[in-house]
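Chemist: compute the structure for the input listed below.
(one chain, ligands or ions: 1)
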Amino acid sequence: MKIKAKKQFGQNFLKDSTYIQQIIQAMPNDDLKVAEIGPGLGDLTKYLVDVKSVEAFEVDTDLCKLLQSKFDKEITTNLLRLNCGDVLEAWQGSLIDEDYDLVANLPYYIATNIILKALADSKCKNILVMVQLEVAEKFCASEGQKQFGSLGVITQSVGDAHIVVQVPPTAFEPPPKINSAVFLIEKNADRSDEVFESMLRVAFKQPRKTLMKNLSSVYDKEKLQEAFANLNFTLTIRPHQVSTNNYKELYKKLN
Ligand code: SAH
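Modeler: Below you'll find the predicted structure:
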């Protein structure tokens, strides 16, 4: 069967095996199951089933059929479990019912949503994914960098993140228009505090404005001034200049 990449499912197949190897090498050194979202033609899956037990989620019926025959042996021996359907529909509570690492070249159009869900999923222990470079930079950013926003603060609140490797469009078939990157989040907690995150959304609402201006749209001015003085923030400090720990302190003082 000849498979043509479908745009609506964000299909860009990773063909350069150098990068597939780099993903495999960056995998957490544990015995956990791997969840793969969007196995596509199975190029990464092939390497994953060699080292781990894998549960994969693929929305495209044509690809699902192809994967079923390609991995017939692995499915029979339970090395691979294949779920055909939309992963976001299958993801109620935990994605799978045992501890797992998420390893995937994600569909980019829903990548941020998937990563945020994995950060909240208590069964998910580590996240090693390929996404659009810009998105990877947001999750991995630290205070002071211009990409540092609520995604960076949320990530630092639950673990450590770093970019493993940048990947050019030529590594894919068809090549996407943007650069990509693989990054790793090693979790040591789960995302759970919605009130903290709603404060972050207000803090970064207009990222180039001052933190004071953003926060004063919701919080009491006097309370803010007192908290800023307490934390030694200048009145002109910008949202990306405040560390995750200081956001946590600020949150305690405002709530
Ligand atoms: N991992 C493969 C393919 C990446 S392309 C590789 O590296 O080559 C993204 C994949 O995600 C495609 O196979 C696409 O069909 C699948 N996909 C897109 N939306 C999805 C969804 N909602 N649920 C599950 N899989 C999805």
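Chemist: report pLDDT for the closest residue to the ligand within the stretch 1-150 of the chain.
Modeler: Taking C-beta to the nearest ligand atom as the measure, the point where the stretch 1-150 of the chain comes nearest the ligand is Gly38, at 2.1 Å. Where you see a C-beta, it was placed from the backbone N, CA and C, and this is true even at glycine. For Gly38, the model assigns a pLDDT of 98.
Chemist: for it, give me phi and psi.
Modeler: With angles defined as degrees, to the nearest 10, Gly38 shows backbone torsions of phi 70, psi 60.
Chemist: which pLDDT value does the model give the closest residue to it other than its chain neighbours?
Modeler: Closest residue to Gly38 in three dimensions, ignoring its sequence neighbours and counting by C-beta to C-beta, 6 or more residues apart in numbering: Pro107, at 4.9 Å. Among the per-residue scores, Pro107 holds a pLDDT of 97.
Chemist: test for you: state the pLDDT assigned to Ile3.
Modeler: Checking the pLDDT column for Ile3, the value is 78.
Chemist: how near is it to Ile127?
Modeler: As judged by C-beta to C-beta, to the nearest Å, Ile3 and Ile127 stand 27 Å apart.
Chemist: compare these two and say which is more crowded by neighbours.
Modeler: Counting neighbours by other C-beta atoms under 10 Å for Ile3 and for Ile127 shows that Ile127 has the greater number, 27 against 14.
Chemist: give me the element Lys223 is part of.
Modeler: For Lys223, the host element (DSSP states H and E) is helix 221-230.
Chemist: list the buried residues of that helix.
Modeler: Within helix 221-230, the residues that qualify as buried by neighbour count (16 or more other C-beta atoms under 10 Å) are Leu224, Ala227, Phe228.
Chemist: now do the contacts for the residue positioned nearest the centre of the chain.
Modeler: Against the mean C-alpha coordinate of the chain, by C-alpha atoms, centre = their mean, the closest residue is Ile115 at 3.0 Å. Taking C-beta atoms under 8 Å, 6 or more residues apart in numbering as the criterion, Ile115 is in contact with Leu106, Ile127, Val129, Val131, Phe139, Ile185.
Chemist: tell me which two in the residues you listed are the farthest apart.
Modeler: Pairwise distances across the contacts of Ile115 peak at 12.9 Å for Leu106 and Ile185 (criterion: C-beta to C-beta).
Chemist: would you agree the residue nearest to Gly38 is in contact with Pro39?
Modeler: No - the criterion here is C-beta atoms under 8 Å, and Pro107 misses it with Pro39 at 11.0 Å.
Chemist: around the ligand, pick out the residues from this protein.
Modeler: The chain has residues 9-14, 37-41, 43-44, 57-60, 63, 86-88, 105, 107, 110 near the ligand, with proximity defined as C-beta under 6 Å from any ligand atom.
Chemist: do that again at 5 Å, thanks
Modeler: For the chain, the residues in contact with the ligand (C-beta under 5 Å from any ligand atom) are 9, 11, 13-14, 38, 40, 43-44, 57, 59-60, 86-87, 105, 107.
Chemist: and the residues you listed, which are buried?
Modeler: Neighbour-count burial (16+ other C-beta under 10 Å) is assigned, among these, to 9, 11, 13-14, 38, 40, 43-44, 57, 59-60, 87, 105, 107.
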